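1. Build the 3D model from these lines:
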Amino acid sequence: MKALLPALFAGGLFAGLAGCSSADSPALDPIPGSITYGGQPRTKLSKSPVGSAVYNQFYNGTGQRVEETYILQADRSLKLVRREIGPDFPD
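-> Numbering: from 1, shown residues only. Next up, the predicted model:
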């Protein structure tokens, strides 16, 4: 039983970490205030290198500060990769 316990722990740890991959995470949907809300912007970022990060900050309908990060894709579209919602002035 003692020999089996480390193997079970390692297997559980591996399975848990496998679920943390960013490639498997679902895509974030744009919300009002997001750059891509209502579709991709009409203007393209033609001078920025592919893979560049674009940051956006705004306040949602409840007054919370929203910070988003986009990555510029090869087709010059923006992919929403991160969103943090929090109070305007943290304690």
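
2. got the contact list for the nearest residue to Y37 once chain neighbours are set aside?
-> Once flanking residues are discounted, Y37 sits nearest to P30: 4.1 Å by C-beta to C-beta, 6 or more residues apart in numbering. The way it works is simple: take the backbone N, C-alpha and C, and place the C-beta from them, glycine included. Neighbouring residues of P30 by C-beta atoms under 8 Å, 6 or more residues apart in numbering: T36, Y37, G38, L80.

3. Quick one: the helices in the protein, in order.
-> 4-18 (DSSP state H).

4. which regions of it sit below the pLDDT cut-off?
-> Within the chain, the set of residues satisfying pLDDT under 70 comprises 1-25, 90-91.

5. Let's see that with 80 instead.
-> 1-26, 88-91 (pLDDT under 80).

6. Isn't Y55 up against I71?
-> No. Using C-beta atoms under 8 Å, Y55 is not in contact with I71; the gap is 10.9 Å.

7. So for those two, which residue has more residues nearby?
-> I71 (15 against 10; other C-beta atoms under 10 Å).

8. do you know how far the more buried one is from G33?
-> Distance, I71 to G33, using C-beta to C-beta, to the nearest Å: 19 Å.

9. returning to what we had before: of the contacts of P30, just the buried ones, ChimeraX syntax please.
-> The buried subset of these, as determined by 16 or more other C-beta atoms under 10 Å, is captured in ChimeraX by this line:
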select :36,80
